[in-house]
Structures are given as structure tokens and as C-alpha cells.
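Chemist: turn this into a model:
(one chain, ligands or ions: 1)
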Amino acid sequence: MFRRPSGSPADRIAALRKELQRHVHRYYVLDEPSIPDSEYDKLFRELQALEAAHPDLVTPDSPTQRVGGKPLDQFASVRHKVPMLSIRTETDTEATGTKNFDARVRKELGLSESGPPVEYVAELKFDGLAVNLRYEDRVLVQAATRGDGEVGEDVTQNIRTIRQIPLQLPKEAPAVMEVRGEVYMRRPDFEALNERQREKMAQGAKGEKTFVNPRNAAAGSIRQLDPAIAAQRHLSFFAYGVGEITPQAEGGPVFETHFELLQTLKSWGFPVAAQTRTAKGAAELMAFYQAIGRKRDSLPYDIDGVVYKVNSLALQKKLGFVTREPRWAVAHKFPAQEQLTTVLGIDVQVGRTGKLTPVARLAPVFVGGVTVTNATLHNEDEARRKDVRVGDTVIVRRAGDVIPEVVSVLPEKRLPDALQFTMPRQCPVCGAAAVREEGEADYRCTGGLFCAAQRKEAILHYAHRRAVEIEGLGDKLVEQLVDASVVRTLPDLYKLDLSTLASLDRMAEKSANNLLEALEKSKQTTLPRFVFGLGIRHVGEATAKALASHFGKLDAIMDATEEQLLEVSDVGPIVAKSIRTFFEQAHNREVVEQLRACGVTWEEGEPAKRVPKPLTGKTFVITGTLPSLSRDEAKDRIEAAGGKVAGSVSRKTDYVVAGTEAGSKLAKAQELDVKVIDEAVLLAFLASPND
Ligand code: IVH
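Modeler: Here you go, the predicted model:
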């Protein structure tokens, strides 16, 4: 909706700010966006333009002031007007945990055991970093970390980037108002941040690292001297208390309970956790503890417990403090989500599709509510990055539904002779070669037809409708056949008999007979179906067809060199290598022979006439950004068409494929008089049988 700006620039600026603020609140706090992003951007740009034209009208509470600001050399110190206290911690996870607290409160207040229950507010204990937000004349003027409780650091610039935090309070708010709460990072934002950090590290960026957990990520981001970086970090906030407030009364809100106070903060735009509620007596507190404990894993952020606070502010005052802890509050902890343990060994597991995964075997440890005995190290690069070694003391983390993870090693506890982990070059299950292809993170077993770990997958693939096709041989049946050790490799299928089959679960004589018939029928197949059915990595249906028509006979495919394989249309270096490696595994060949011996046959033909691929003998260099193909796609397609792709331009280069922002390579091509083509010409080359 377009509204004509009316009145003075100052009026329009005020109106825009108000409207933007409303949208920001709906988007970031209520999760109910009211206008599309594009519309928001339009209003935002209008405000930016007006402020640029009238710099005297820029104020710190303008939505435009959330980003930007210059990097600091260091943070200034801030002395808190009202000290930021800590809370006494209760680690007893049984009902006594809440009974002890309630009994203490009652005793201090001189209440009899049989009197009415004390009312509390039950909150979540967020796992982040406490901050104090100071508003003067309803504008956010300063944000500080807790520090030692007396003196913290001024992190105003970074706090401004958190859109959930209002920059301005409504007119009924007191002249000085301090709001306290927790800055934290949601788990999805944490995962995304680490993913970006890993990418930067992979690209060789210096000084980048991944974060151990969302709390460290939040703390690291808030204590970041460059606000532009903090702005990219997606931090969140929950309010749970107040600091200095003046004047206390006189026309402003008068708070009698902590719960009212939280409701008021919520109405002013601060996020307050939806789970927050009042509870009477120890039993209701315990019910809250247990209910939240069950929900903990499904929350999108980490909590390490719950907090109980006496609701009445008058009673809070009466209870007062001991040292630096209020007598009116307690933190009731959940089992920790991070624990120390030792690495007993590192195993390598082989998945159904042949993927090798290093797994740390751990001394059993209770973490995040379950006993953990192993944790994935994902792949070779991750294992190296974390440098986990046998005998190491490590931090294990289990948060949310996420699988347990080794987050880091305690280097000071490492044994002097601990060896670095290396990925085996052979499959630990079947002994076939394990290979890692260029550009991939995982090692894979190449013994697909023989490897016990891949049996089920190999059989299902072979029996697939578009492969050799064995009607009625589905998931469940394969599961049973393999688990009962009736079928170990593909040829065993053809040795099945009626009595074995009929003895299986849910297998009547009729369906057993049907399966035997289907098996018999499958013996008469075609070469492309058979080749596809072998489940060679990167050999799909189309490639299997191309191989069959090029070579005519299975033996010719099995014995083809990489160079010969490269002559097949659509076969590039990666596919050629994969086929070669597969048939180099003696066990795979054995299975093929056995299948033939079982009577699996197909018609063989003559090899096709050799048609050179369109780009055989040509060398290309790719530079700049191509309009539709990514660099990898362009490389794959040139290679599959018989061409080579080089990294730098020389006299041997036949063509330079140039996109936008092509740099020195283009200049070099011109200098050496090498032909320069664009993507369209390349695509035409790829399509034509000869260039
Ligand atoms: S109230 C007087 N409420 O726990 C009590 N603290 O040791 C002051 N925390 O550093 C704190 N969730 O960062 C309070 N709902 C909650 C909380 C909470 C997390 C943290 C806070 C502080 C620590 C207290």
C-alpha cells in the first residue's frame, strides 16, 4: 500500500519509525509477520533516505540505527546501578528439590506449615548471557553485560542489532527503566552459523572458528568488537527481570508482583517466554519442572533448568539477600547437556550405502538425560578438525533431539603417545577398497555386492523394477532374508527353496511360490538392467545403457580401462574411475560370476562403432561466472564430452570459456591469442557430435 508522505519530514520520519517498529515486533517477537519483506524494505529505505536528507533528525532509537556503527578497540566498563545478582542453584532433580526451597521461603517468612501456599513465578532458565538494558526517557541508551555483577561491559552497539529488543518504550514507561534478560542463540541459528563458519574455514579464511555450543556463540557474538559481525549472528532475547526504575510510582505502572512486571514488559514489546506461569507451593513447582523437562528437547533453544521466584514483590523485599543471592529465587537444574568423558576407541561404521563414518566409543556418561556410549565424528575432515584421539578427555554434548556429539578435546589431558586418527583405506566390514572422491567428504566402500553392511541395499537395488526386477521382493522381505542369514549375497537369492521361504514370517505358500516364479523370471534379463542392478556408484540407468551399447558385452565392461570407459558418451573421469574401482574388487567379480552360474543371462551384442566424443583432445579453461552453468557443472559436462579442463591459460589451451567478471585469465587468453567463447557457444559444442 502506498501512502503519500504528508506533513513535515519530521512527522513522516516519526510515522515511519512507528510503523517499522510495529512490523519488527510482529516479525521477531510474535512470529506473525504482517507485511511482506519487500514492503518492509520499501518503508525502511524511505526512512533511510529521509534521515540522510535530514541528519539532524537521526536519533539512536531509529530502526535504521540497528546496524552499522564502527568497530571498537575495546568495550567500556559500566558500573551497574543495581547489582546483577546470581541465583542459588538446586541440583536435586527429585521432588525434594522444590520442597527444600519452598520450606526455606516459608521459614524465612515465618509461615506455618499448614498455612496457604506461597505463590511463585516459574520461568525457564535460559542458557545464554545476562544483559542489562537501560532506557532513559524511553530510549535505549545503554546495554551492558553482567560481568562480575558490579561492573560489566558496554555492548550497546551489538545489542542494538537484536531486533527482538525494543529501541524505544511506550510513553507510560518510567523515565529510567532497566530491563534485564538473557541474550541467547536459537539452535537452528547456531547450526547455520557453524555451517557458515565451516565454509569460511574451508575457503582458508584466517581467524574463523566454529562455536562449541549456542551459549558460547551468543557470548562470542555479543563480545564482538565489530557490530557488523554481531549483526549477522541472529541473536535472540528473553526478558526476565528489571534493574533500576525511577520514578517508581507517580502515574507510571505500579508493580505488585513479578508476574505483572513480566506481563508489562511483554506489552512493551519484550519477548517473555510463553511457558512462564504462576505456581502455588512446592507441588506445582515440581509439576512445572517435570513438564518443562519433558518439553526441553523440543524447544528451539537450550535451557539448563527452570527458575522459581516468589511472585509478591513485597515478600521478595522481606526475604532479601544472602551475600549475592536473593533468598526469593532458586534455579532448579536439569541434567547437564555437556559432560566430560574419555575416548575408549574410534570405530569406523559402514552404512547401508557404503559410507564410512568414524565413531568415538566413549566411557559411558550421563548427558542430556541419557547414557551416551558413542558419538559420531561425521567424516575424516571433522575428525581431523576436532583432532579426537584414543585416550583423550573430551566434552560430549547432547542437546535437543540432536545426536550426541564430541564438541572438543581437552588438550592438556592428552596422553603423550596418542596417535592422530586416520581413515582406513579398506572397508572394515568387507576389506574392499575405501575411496574418497574429489569434492566429497565421505569415504565409501567399493565392495557393494559383497559387503555385509550393504547387503540389504544391494539386494533391493538389484531387485528394483527398473533393474533386474524381482517382483514381490521388497524392503520387509529383504530385511528378513538377510537378518535370518538365509541370503548373504545376490546369488543366494537363486538358491532359495519353498520350505525356507515358507518358514519366514507372514509368508504363505502361495506368496513363496510367487517369489520363486519371479526369481526364475528375473534370470532372463538385459545387459543394461544387469549393469544398472550391480549398484555401481554413479552408474544410473542411462549410464548403464550407454555402457551396454558401447561395449556390447559384460566382460568388455568389466575389463575396460579408464581411458576406454572415457570413450563412452556421458562417462566422465569420476564415473570411469568408479566403474574401474568396482570391478577391481575381486569379490565383486566373484558375485557377478556366481550370478551367471546361477543362470542369469542376457543377450550380448557387438561393440558400437567408435564415434569420437565431440570434445576429445580439446582443452578448456573456465573463467568468471557463467549465466546458467556452475563451474563444476561446466567442468563435468566438458569432461563427459571428452574434453579436458585446465586451471590456467597456456598456449595448449584451445578455448577459454568466459563469463561475467572474468579477470586475468581472459587477459592472458587475449595475449596468447587463445579463442574465447561464451556459455552459449560451449553448450552448442556439447550438443553437436563434432565441433
Ligand atoms: S533471574 C535475582 N531468571 O541465570 C536473579 N536469571 O545465576 C537474577 N538466567 O546470569 C537472575 N534464565 O543469566 C533469572 N529466567 C531467569 C533466568 C536467569 C537464565 C541466568 C542469568 C544469570 C544466571 C543467574
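Chemist: can you name the residue of this structure nearest the ligand?
Modeler: Closest to the ligand within the chain is A130: 3.1 Å, counting by Cβ to the nearest ligand atom. (Glycine included, C-beta is placed from N, CA and C.)
Chemist: I'd say that residue and T145 touch.
Modeler: Yes. Because the distance of 7.2 Å satisfies Cβ atoms under 8 Å, A130 is recorded as touching T145.
Chemist: re the thing from before, which ones are touching the residue of the chain closest to the ligand?
Modeler: With contacts defined as Cβ atoms under 8 Å, 6 or more residues apart in numbering, A130 is in contact with 84, 145-146, 180-183.
Chemist: so which of those residues are also by the ligand?
Modeler: 146, 182 (Cβ under 6 Å from any ligand atom).
Chemist: tell me which element the residue of the chain closest to the ligand falls in.
Modeler: Per DSSP states H and E: A130 is located in strand 129-136.
Chemist: who in the stretch 201-350 of the chain is up against the ligand?
Modeler: For the stretch 201-350 of the chain, the residues in contact with the ligand (Cβ under 6 Å from any ligand atom) are 240-241, 307, 326, 329.
Chemist: so of those, which ones are in helices?
Modeler: Among these, the subset assigned to helices under DSSP state H is empty.
Chemist: tell me the one of the residues you listed nearest Q670?
Modeler: Nearest to Q670, judged by Cβ to Cβ, of these is Y240 at 65.2 Å.
Chemist: tell me the contacts of the spatially closest residue to the closest one that is not a sequence neighbour?
Modeler: Spatial nearest neighbour of Y240, chain neighbours left out: G181 (5.2 Å); criterion: Cβ to Cβ, 6 or more residues apart in numbering. Listed by Cβ under 8 Å, 6+ apart, the contact set of G181 reads 130-131, 133, 237-241, 270.
Chemist: which is the succeeding secondary structure element to the strand holding A130?
Modeler: Later in the chain than strand 129-136, the nearest helix or strand by DSSP H and E is strand 139-145.
Chemist: quick one, strands of the stretch 251-400 of the chain?
Modeler: Using DSSP state E, counting those that start in this stretch, the strands of the stretch 251-400 of the chain run over 277-280, 303-310, 321-322, 325-326, 329-333, 338-350, 355-367, 370-376, 393-397.
Chemist: actually the stretch 101-250 of the chain, not the one I typed
Modeler: Per DSSP E, counting those that start in this stretch, the stretch 101-250 of the chain carries strands over the ranges 119-126, 129-136, 139-145, 151-153, 176-184, 236-246.
Chemist: can you put those strands in a markdown table and add distance to G345 and mean pLDDT?
Modeler: As requested, the strands of the stretch 101-250 of the chain are exported to a markdown table (distance: least, Cβ to Cβ, whole Å; pLDDT from 0 to 100):
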| stretch | distance to G345 | mean pLDDT |
| --- | --- | --- |
| strand 119-126 | 36 | 97 |
| strand 129-136 | 37 | 97 |
| strand 139-145 | 42 | 96 |
| strand 151-153 | 44 | 92 |
| strand 176-184 | 36 | 97 |
| strand 236-246 | 39 | 95 |
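Chemist: quick one: low-confidence parts of the protein?
Modeler: Within the chain, the segments meeting pLDDT under 70 span 1-6, 31, 67-70, 248-253, 689-691.
Chemist: which residue lies farthest from the center of it?
Modeler: S112 (52.8 Å; Cα atoms, centre = their mean).
Chemist: contact partners for T145?
Modeler: Listed by Cβ under 8 Å, 6+ apart, the contact partners of T145 are 129-131, 152-153, 155, 222-223.
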